[in-house]
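1. structure here, sequence nowhere to be found:
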DNA sequence: CAGTATCCGCGCGGATACTG
DNA sequence: CAGTATCCGCGCGGATACTG
């Protein structure tokens, strides 16, 4: 139980903190879900699917995910260049959990919105 | 499939976006996990468990969670005041998913950290 | 005890222009 | 096509002082 206390205070070792640090940002999870559905996508394809993301943020998001080993990046030595992105095996084991989360959100968001509106 | 496209572009109706907007902030998930473990906690108890949260952010976080119907707030009309926080029934159905997420993080974070260190 | 009120820095992410 | 480079505003969250 003393251990329990430490887990909540210690940011370094809190797993939820680590998860949020990886893809708690504005776009990462959306990119992961898109790649989960489409399997393989090129840079501009992702950009078109997520119409509202800026080019810079797509670059930053993909690079971060790649560095963390959450997406594969395959560049073909062609002109014009072609780069394909896909989920890594590790990330594929994560997606069912994300799906659960999305499903929970779908089932509960209407009630939450209602709860929120009453409070105001 | 045209529907699929819309889901990714449309921020209003993306369930994952909605989830992250609710507890993708710095402290919400941590508070939820703590309340999940301890069941009922007073304001200052939460503050002590999460040593690094500021008083302001704990207030803000709890208020947001309460407004969204994700935590119960029960104030006793005493002096000095006593306020108890606990999860709502709705949030209790969310916690297994969060636990899965935490477990996945625990199992994969070491590899991700290694992947990240190689990239630098 | 359980908050409010105020001030403020930093960094996330958008906009725009440019490139191998 | 798949990025890079630069500039910049806004809002999240910390610090500090105060209160019914």
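-> Nice, I can see it. Please read all numbers here as calculations on a predicted model, not as lab measurements. Numbering: from 1, shown residues only, chains lettered A, B, ... in the order given.
2. which residues of chain A lie near DNA strand C?
-> A:25, A:26, A:27, A:52, A:53, A:54, A:55, A:56, A:57, A:80, A:81 (CB under 7 Å from any atom of the strand). For every residue, glycine as well, the C-beta is placed using N, CA and C.
3. go with 6 Å
-> Residues of chain A lying close to DNA strand C by CB under 6 Å from any atom of the strand are A:25, A:26, A:53, A:54, A:55, A:56, A:57, A:80, A:81.
4. and chain B, which of the residues you listed contact it?
-> On the criterion CB under 8 Å from any CB of the partner chain, residue A:26 are the entries of the residues of chain A next to DNA strand C that sit beside chain B.
5. list buried residues within the residues of chain A next to DNA strand C.
-> With neighbours counted using 16 or more other CB atoms under 10 Å in any protein chain shown, the residues of chain A next to DNA strand C contain these buried positions: A:25, A:53.
6. can I get the residues of chain A next to DNA strand C in CSV with pLDDT, secondary structure and distance to residue B:87?
-> Shown next, in CSV, are these (pLDDT from 0 to 100; DSSP: H, G, I helix; E, B strand; the rest coil; distance: CB to CB, whole Å):
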residue, pLDDT, secondary structure, distance to residue B:87
A:25, 93, coil, 26
A:26, 93, coil, 27
A:53, 95, coil, 34
A:54, 96, coil, 37
A:55, 97, helix, 41
A:56, 97, helix, 39
A:57, 98, helix, 34
A:80, 94, coil, 53
A:81, 97, coil, 50
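7. can you redo the residues of chain A next to DNA strand C as JSON lines with distance to residue B:112?
-> Shown next, in JSON lines, are the residues of chain A next to DNA strand C (distance: CB to CB, whole Å):
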{"residue": "A:25", "distance to residue B:112": "15"}
{"residue": "A:26", "distance to residue B:112": "20"}
{"residue": "A:53", "distance to residue B:112": "23"}
{"residue": "A:54", "distance to residue B:112": "26"}
{"residue": "A:55", "distance to residue B:112": "26"}
{"residue": "A:56", "distance to residue B:112": "24"}
{"residue": "A:57", "distance to residue B:112": "21"}
{"residue": "A:80", "distance to residue B:112": "32"}
{"residue": "A:81", "distance to residue B:112": "27"}
